[in-house]
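Enquirer: need a structure here:
(one chain, ligands or ions: 1)
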Amino acid sequence: MTQSKWLDAELKYDSGVFNKHQVVITRGQGAVVWDEQGRAYIDCMVGAGVANVGHSHPDVVRAVQEQAAKLMVLAQTLPNDRRAEFLTELVSVLPQGLDRVFLCNSGTEAMEAAKKFAITGTGRQRFVAVKRGFAGRSLGALAFTWEPKYREPFGEAVDNRHVDFITYGNLDELRAAVTDETAAVILEVVQGEGGVRPASLEFVQEARRITKERGALLIIDEIQTGFGRTGKMFGCEHYGVIPDGITLAKAMAGGVPVGAFAMTAAVADRMPAGGHGSTFGGNPLAMAAGVAALRAMKREGMAEQAREKGAYFMEKLRAIGSPKIREVRGLGLMIGVELKEKSAPYITALEHDEGVLTLPATPLVVRFLPPLTISREQIDQVVTSFARVLENVNPRADRQAELAAQAPGQPAR
Ligand SMILES: *Cc1c(COP(=O)(O)O)cnc(C)c1O
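Expert: Just a heads-up that it's a prediction; the model follows:
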């Protein structure tokens with residue numbers, strides 16, 4: 001038993017796949033969330049980059065409230081005003097030519113759709129994915145996810161014999177892997193789970209050139225990099241590249257689950273009618289949230305905000321100058337600090353001692369994905385906190401504190 005009935009219930013009944021924090025968050029606003037005792041945390045996790053417009057953005061809240069009273073769910077075979085509005089808004093911000101959209105509810109579903117549309121769109125079945133890439137956890141998307149620990153427990157059910165993995169950034173491997181059997185090359189322009197690694201200009205541009213030459217598609221996974229996160233509406237805009245398809249989710253609807261695969265008409269037109277589907281995809285409630293979030297992003301210039309604040313944030317992080325830091329890298333407000341040791345004790349200390357929520361990305365990296373609306377004062381506070389934990393935390397002592405904080409009887413996961 002812990003101090004909290006909510007924590008007890010969640011630890012008792014959850015499937016157990018999540019490494020739960022010892023805190024119960026009950027409320028969020030902007031860049032801050034509060035726990036059940038009313039303690040505030042600056043949220044640089046936002047559900048791995050979901051709340052780009054901030055938690056409970058007033059426009060999103062209003063749109064959801066109004067739409068909930070009007071119509072929440074509707075088959076995608078029945079056209080709807082909110083869905084039409086959302087598609088129009090989305091296509092207006094997408095790169096030129098990506099004007100056909102399959103709607104679903106999550107990132108992994110967007111990857112599944114991309115995979116099926118790539119197969120029917122090209123009549124080919126092989127894929128090129130990249131090492132350290134992350135594409136989601138359904139069995140189809142998992143085939144593109146490189147990290148073995150995500151795949152190995154499931155044995156042969158994760159069939160990835162149709163996927164060739166190449167080193168991220170290696171032009172020779174890229175050129176050798178893409179053949180006239182390749183349906184698509186799939187990559188993130190900044191690897192998120194893989195450690196916050198921006199791709200080189202040459203790699204992304206060569207991926208565009210070689211796929212075009214060999215009749216394959218280039219599909220960019222913008223699930224984490226999309227919607228202003230990197231300082232442009234979509235990460236691929238930094239590279240001057242227009243792909244044949246983009247997978248989207250996370251921040252698209254201001255915190256409400258929405259996923260999408262946006263593609264060219266040439267790709268969409270080859271999918272047989274009924275070849276794919278989704279019950280909840282494109283539901284009016286999520287669409288209303290999406291319209292409000294997209295308009296807020298445009299009106300408040302959130303990509304611009306991410307560009308300026310990201311540069312400021314990274315400059316301040318670099319100025320910490322701790323000998324424990326190997327590298328500060330990122331694009332916009334997608335920032336990773338690679339340490340020379342495991343990042344987990346520092347992430348825990350940031351939460352417990354400083355009230356700052358961050359994420360790991362590979363064992364050595366502390367990842368910062370704050371709302372794009374975060375203030376400079378809040379960034380200053382996060383950097384001061386980070387400098388303090390780098391100074392004060394001694395990982396061995398911290399490990400003992402972590403064990404002590406664990407609820408008695410709870411297995412250490
Ligand atoms: C989060 C993420 C996914 C999976 O999205 P879910 O909504 O969790 O299914 C896929 N690709 C990338 C790059 C992601 O960051």
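Enquirer: Closest approach to the ligand from this protein, which residue is it?
Expert: Gly107 (2.0 Å; C-beta to the nearest ligand atom). The C-beta positions use only the backbone N, C-alpha and C, and glycine is treated the same way.
Enquirer: Show me which residues of the stretch 1-150 of the chain sit near the ligand.
Expert: Ala48, Ser106, Gly107, Thr108, Met111, Phe134, Ala135, Gly136 (C-beta under 6 Å from any ligand atom).
Enquirer: wait, what's in contact with the first one?
Expert: Which is Ala48. Ala48 makes contacts with Gly192, Gln224, Lys250, Leu359, Leu369, as judged by C-beta atoms under 8 Å, 6 or more residues apart in numbering.
Enquirer: show me what contacts the second one?
Expert: Put plainly, it is Gln224. Neighbour list for Gln224: Ala48, Gly49, Glu188, Val190, Gly192, Lys250, Met334, Leu369 [criterion: C-beta under 8 Å, 6+ apart].
Enquirer: And the fourth one, by the same measure?
Expert: For Leu359, the set of contacting residues under the criterion of C-beta under 8 Å, 6+ apart consists of Cys44, Met45, Ala48, Ile347, Val366, Arg367, Phe368, Leu369.
Enquirer: returning to that earlier point: can you pick the most crowded of the contacts of Gln224?
Expert: Within the contacts of Gln224, most neighbours by other C-beta atoms under 10 Å means Leu369, with 30 neighbours.
Enquirer: Next, give phi and psi for the most centrally placed residue in the chain.
Expert: By C-alpha atoms, centre = their mean, the mean C-alpha position of the chain lies nearest to Gln224, the distance being 2.7 Å. Dihedral pair for Gln224: phi -100, psi -30, per degrees, to the nearest 10.
Enquirer: quick check: longest helix of the protein.
Expert: helix 302-320 (DSSP state H).
Enquirer: Quickly check: the helix or strand following that helix near the ligand or not.
Expert: Sequence-wise, the next helix or strand downstream of helix 302-320 (DSSP states H and E) is strand 325-331. No. Strand 325-331 lies out of reach of the ligand by C-beta under 6 Å from any ligand atom, never closer than 13.6 Å.
Enquirer: Not counting strand 325-331 itself, show me its contacts.
Expert: In contact with strand 325-331 (C-beta under 8 Å, 6+ apart) are residues 190, 196-198, 225, 230-231, 235, 238, 310, 314, 317-318, 335-340, 364, 368, 390.
Enquirer: mind listing what's buried in it?
Expert: Ile325, Val328, Arg329, Gly330, Leu331 (16 or more other C-beta atoms under 10 Å).
Enquirer: and that strand with helix 302-320, angle?
Expert: 170 degrees (axes from the mean of the first three to the mean of the last three C-alpha atoms, to 10 degrees).
Enquirer: can I get the CA coordinates of strand 325-331 in PDB?
Expert: Output of strand 325-331 as PDB, limited to C-alpha atoms (Å, rounded to 0.1, in the frame of the first residue of the first chain):
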ATOM      1  CA  ILE A 325      27.100  16.000 -20.300                       C
ATOM      2  CA  ARG A 326      28.400  14.500 -23.500                       C
ATOM      3  CA  GLU A 327      26.200  16.400 -25.900                       C
ATOM      4  CA  VAL A 328      23.200  18.700 -26.200                       C
ATOM      5  CA  ARG A 329      21.300  18.200 -29.400                       C
ATOM      6  CA  GLY A 330      17.900  18.600 -31.000                       C
ATOM      7  CA  LEU A 331      15.800  20.600 -33.300                       C
END
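Enquirer: in the stretch 151-300 of the chain, which spans are strands?
Expert: 163-166, 182-187, 190-191, 197-198, 217-221, 245-248, 259-263 (DSSP state E, counting those that start in this stretch).
Enquirer: a markdown table for those, including mean pLDDT and distance to Lys298?
Expert: Listed next are those as a markdown table, based on pLDDT from 0 to 100; distance: least, C-beta to C-beta, whole Å:
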| stretch | mean pLDDT | distance to Lys298 |
| --- | --- | --- |
| strand 163-166 | 97 | 36 |
| strand 182-187 | 98 | 27 |
| strand 190-191 | 96 | 22 |
| strand 197-198 | 96 | 24 |
| strand 217-221 | 98 | 21 |
| strand 245-248 | 98 | 16 |
| strand 259-263 | 98 | 17 |
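Enquirer: Make a markdown table from those and add distance to the ligand to it.
Expert: A markdown table is the format used below for the strands of the stretch 151-300 of the chain (distance: least, C-beta to the nearest ligand atom, whole Å):
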| stretch | distance to the ligand |
| --- | --- |
| strand 163-166 | 15 |
| strand 182-187 | 10 |
| strand 190-191 | 8 |
| strand 197-198 | 12 |
| strand 217-221 | 5 |
| strand 245-248 | 7 |
| strand 259-263 | 6 |
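Enquirer: No further queries at this time; thank you.
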